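Okay, here's the prediction I keep looking at, along with the sequence it came from:
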Amino acid sequence: METLSKKISNAADRPVKVLQFGEGNFLRAFVDYMFDVTNEKTDFNGGVVIIKPIEFGNLDRFHKQECQYTLQLRGIENGAPKKETRIITSVVDAVAAIEEYDKFMSYAKMDSVRFVVSNTTEAGIVFDETDDFQACPPKTYPGKLTKLLYERFQHYNGAADKGIVMIPLELISDNGIELKKCVMKFADTWNLGDAFKAWLEEACSFCSTLVDRIVPGYPREEAEELCKEFGYVDELIDTAEIFGLWVIESDKDLEALKKELPFNEAGLPVVFTKDHHPYKERKVRILNGAHTSFVPTSFLAGNDLVKQSMDDKVIRKFMEETLSDEVIPTLSLPAEECKEFAAAVTERFCNPYIKHRLLDITLNSISKWEARCMPSFLGYIEKFGKLPKYLTFSLAAEMCFYATQKDGEANGGYCLIGERNGEEYVIRDDRFVLDFFKANSAKEPKEYAEAFLSNTKFFGGEDLSKIEGLVDAVAGYVADIRANGMREVVDKLVG
């Protein structure tokens, strides 16, 4: 079979409009897909250049395939399994910022370039005062971006119509604002001048975003069979779920941005807004909060995968009633919108093509509970004046999941070893969290609950033990689970 190339994909030549920092599976299954569909369905006509911002890895496979690759979206839609396969042709080149520095910087001078997208991990948007403007390139992503923008500013003599729209996808709060802060700090530190800073403020835009799509990536076990199905060799196959959501908050003219990026015209799930925070709240507290609240319970009840949990009628009811009764009533977006999103989440969790291990979700589960579940928990108490049944139980489930005095090592790091039905499992978290459970989890239920709920390090400075009736409720659940096992207790809880 031939290797996938432009000859097979019939890719059109398109002007470069998008510089993309990062070549990972998520960007290719999300951003490049969005631009590919937009090219097909509108007159956007824009190409994406992938920029490898770090030294690690190479772009050989991209060049071998002329940056063409196959994306397969797989999931459940309206209750039935669905697959959608397309060759992505939006990517027109791939450049290594370090190894091909001159080529990388040449894009700063390209007239057609208008957008920069990025996904350089949560640690990528960082200001490092030791970064060097004279380096080719600077070591940090914001440093590289600042130098690229300065090159463009100089080349076009600060022309207002040559500004760039930055659309970061890194999973940090207010990612656009944080990226702008870093760039402005570098502009100051490197003495790039007030005119450049004014150009950044007036001609450029930094958009905060929220993204949502599960991307398993390269289907290693199926790749050979898929290539036979496609009729060509593809070493860059990417897979993702069908569901997708991109919320883009503009700090400038929202309507103008919607016209420049005609995603909605292409029928894509993109929301342009002046405030992305309500959408983030909905995603974190419904999607992520559902995971965190039911996973320890489901795992100790005998399940290993999210899909198994959804096939378990009791666990599914536990999750659905947590969302409908205890989470959605505390959210700021309209209830109907939240219910629709929750229904989509349930459908996504039922996806037979994604094998999402419960133990993977339990990583750093205590801090996740604080970020994802505690706002709903406290919001429910404030609104209804009583404890939420399921979220209260989820605290006891966390305590039982972490309960052990046996430590070990996994993936080169310290961990605790728990036991479920005679089988050992690995508990991974920050060392101070593991030390707490090793020291306290053998205590009597009430003393254990008191110690856990009063530990303000776990709950953002809050002492949850002061909430009326919470210690007794959690201790009662812990005692019941110890005596009868999680399966019996959760069956009784859900009824």
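Thanks, I have the structure now.

Please enumerate the helices of the stretch 151-300 of the chain.
With DSSP state H, counting those that start in this stretch applied, the stretch 151-300 of the chain shows helices at 175-189, 194-202, 223-230, 254-260, 277-282, 289-300, listed in chain order.

Ranking those helices by mean neighbour count, which comes first?
helix 289-300 (a mean of 27; mean count of other Cβ atoms under 10 Å). Using the backbone N, CA and C atoms, a C-beta is placed for each residue, glycine as well.

Show me what that helix is packed up against.
Helix 289-300 sits against helix 306-311, helix 313-321, helix 335-349, helix 358-361, helix 365-372, helix 389-401, helix 486-494, with contacts defined as 3 or more Cβ pairs under 8 Å, 6 or more residues apart in numbering; DSSP states H and E.

and those helices as TSV, adding mean neighbour count?
TSV is the format used below for those (neighbours: other Cβ atoms under 10 Å):
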stretch	mean neighbour count
helix 306-311	20
helix 313-321	19
helix 335-349	17
helix 358-361	17
helix 365-372	20
helix 389-401	24
helix 486-494	18
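
before we move on, back to that, nearest to Ala135 among the helices of the stretch 151-300 of the chain would be which one?
Nearest to Ala135, of all the helices of the stretch 151-300 of the chain, is helix 175-189, at 11.9 Å by Cβ to Cβ.

before we move on, back to that, with respect to Ser205, which of the helices and strands packed on helix 289-300 lies nearest?
Using Cβ to Cβ, the nearest of the helices and strands packed on helix 289-300 to Ser205 is helix 335-349, at 26.8 Å.

Can you tell me which residue is spatially central in this protein?
For the chain, the residue nearest the mean C-alpha position is Leu171 (5.7 Å; Cα atoms, centre = their mean).

and the biggest helix by length in the chain, what does it pack onto?
Longest helix of the chain, by residue count under DSSP state H: helix 25-41. If you count contacts as 3+ Cβ pairs under 8 Å, 6+ apart, helix 25-41 packs onto strand 16-21, strand 47-52, strand 69-77, strand 80-88, strand 238-240.

Put together CSV for the helices and strands packed on helix 289-300, with mean pLDDT and distance to Leu268 on each row.
CSV is the format used below for the helices and strands packed on helix 289-300 (pLDDT from 0 to 100; distance: least, Cβ to Cβ, whole Å):
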stretch, mean pLDDT, distance to Leu268
helix 306-311, 97, 26
helix 313-321, 98, 28
helix 335-349, 95, 16
helix 358-361, 93, 28
helix 365-372, 94, 27
helix 389-401, 98, 34
helix 486-494, 98, 38
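
who's in contact with the worst-scoring helix or strand of the chain on mean pLDDT?
When the helices and strands of the chain are scored by mean pLDDT, DSSP states H and E, strand 407-410 comes last with a mean of 88. With contact meaning Cβ atoms under 8 Å, 6 or more residues apart in numbering, strand 407-410 is reached by Tyr414, Cys415, Leu416, Ile417, Val426, Arg428, Leu434, Lys438.

Stretch 467-482 too?
Identification of contacts with stretch 467-482 by Cβ under 8 Å, 6+ apart yields 300, 381, 387, 392-393, 395-397, 399-400, 445-446, 448-450, 452-453, 464-465, 489.

re the thing from before, of the contacts of strand 407-410, which is the nearest to Gly57?
Closest approach between the contacts of strand 407-410 and Gly57, by Cβ to Cβ: Arg428, at 25.7 Å.

List the contacts of the closest one.
Thr362, Leu363, Asn364, Ala410, Gly413, Cys415.

Could you rerun that using 6 Å?
Applying Cβ atoms under 6 Å, 6 or more residues apart in numbering to Arg428 gives the contacts Leu363, Cys415.
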